[in-house]
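Engineer: Sequence and predicted model, in that order:
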Amino acid sequence: MGYISVIGAGSWGTTLACLMAEKGFDVSLWTYEESLAQEISRTRINNTYLPDIILPDNIRVSHKLDIVLRRSRYIVSAVPTQHTRAVFKEASQYIPAGAAIVSVSKGIERGTLRTVSSVLKEVTGHDIAVLSGPSFAKEAILKKPTAVTLATKEKDMGILLQEVFNTNHFRVYTHDDLIGVELGGALKNVMAIAAGIADGLGLGDNARAALITRGLAEMRRLGIAMGAKAETFSGLSGLGDLVLTCTSTTSRNYTTGIKLAQGAKLADVLSQTRSVAEGVDTAESAYQLSQQHNVEMPIVEQIYKVLHEGKNAHEAVNELMNRALKSEF
């Protein structure tokens, strides 16, 4: 069936490794920490990121990239966005010439303002596919129904990868709008922090609904300015993922917002978990992109200022509610 390498043993990388192993693929899972690789190999459980789930026997775990990548036909990049460049700069020397690379990370690289697929393309020289959508790892691993989008530039590759990743409970749709799918996955994390702040302040259901709707409008505006298709943001990687992360305490970004609204310091919130709240870094990148493309994104702007300039959350809400009146469309 082929050999799959998953680079990154967080909750989502481990989940995808399990799903593919259960389909009969030979899977290798790479972890940054040698100690975690040894622990998973010994116990067959990733207690750090996915406790209580026993990994299938056909998943091999290693912290050495050359061992994990040497026979790869399909490579899944599940590394946090801000570490993707460094990891794959080292990994690129071991990637087989014909391997297909699929990015499942959701963010925008700080400084360069590049999407993850763009970073991977630059570093490896390979064409990149993107898998994104409303998909909490803890539900997908328990085989609860999940639907995602797989974006590729090449239709044939998209159809092939759709077959690779699709299961009876993990439904995969194809798409050709890489930039739209990636921006949806990245920007929704910023909106989830905003939703968490709103709920943490006790602003109510009306406020959350308005925030999700206007947040989607901001995401679409930036996407169109950057060459994405407007309809992408009405799909799984846009509206679907946005609703999920803005309404569930399973979302790290949403809970980060709640804690900030309750008075916690950002550094303290981020230090309390090994999982990454991608929206924190993405807020800065998204704000800079809005300035670069001259796109109005008031929610992103206020969240950026709360996270990175120490602005008071109440003051940020006040500014959003007292902006000049305008037409909705």
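Structural biologist: Yes, it's here.

Engineer: just for the stretch 1-150 of the chain, where's the confidence low?
Structural biologist: Filtered on pLDDT under 70, the stretch 1-150 of the chain yields the residue ranges 1-2.

Engineer: mind checking how far the residue sitting nearest the centre point of the chain is from Asn189?
Structural biologist: Averaging the C-alpha coordinates of the chain gives a centre point, and the residue nearest to it by CA atoms, centre = their mean is Lys106 (2.4 Å). For Lys106, the distance to Asn189 equals 6 Å [CB to CB, to the nearest Å]. All C-beta spots, glycine's among them, are computed from the backbone N, C-alpha and C.

Engineer: Between these two, which contacts overlap?
Structural biologist: Contact with both Lys106 and Asn189 is made by residues Glu278, according to CB atoms under 8 Å, 6 or more residues apart in numbering.

Engineer: give me every residue that touches the nearest residue to the residue nearest to the centre of the chain once chain neighbours are set aside.
Structural biologist: Nearest residue to Lys106 in three dimensions, chain neighbours excluded: Gly185, at 3.8 Å (CB to CB, 6 or more residues apart in numbering). For Gly185, the contact set (CB under 8 Å, 6+ apart) comprises Lys106, Val130, Ser132, Gly133, Ser237, Asp241.

Engineer: Please compute how far the helix or strand encompassing Gly185 lies from its chain's middle.
Structural biologist: In this structure, Gly185 is located in helix 178-200 according to DSSP states H and E. With CA atoms, centre = their mean, to the nearest Å as the basis, helix 178-200 stands 10 Å off its chain's centre.

Engineer: Following the chain past that helix, name the next helix or strand.
Structural biologist: Moving toward the C-terminus from helix 178-200, the next helix or strand (DSSP H and E) is helix 205-225.

Engineer: okay, the angle between the helix holding Gly185 and helix 205-225?
Structural biologist: With axes from the mean of the first three to the mean of the last three CA atoms, to 10 degrees as the criterion, the two stretches helix 178-200 and helix 205-225 enclose an angle of 160 degrees.

Engineer: I'd like the numbering to begin with 22 instead of 1 from here.
Structural biologist: Sure, I'll start numbering at 22, so the last one becomes helix 199-221.
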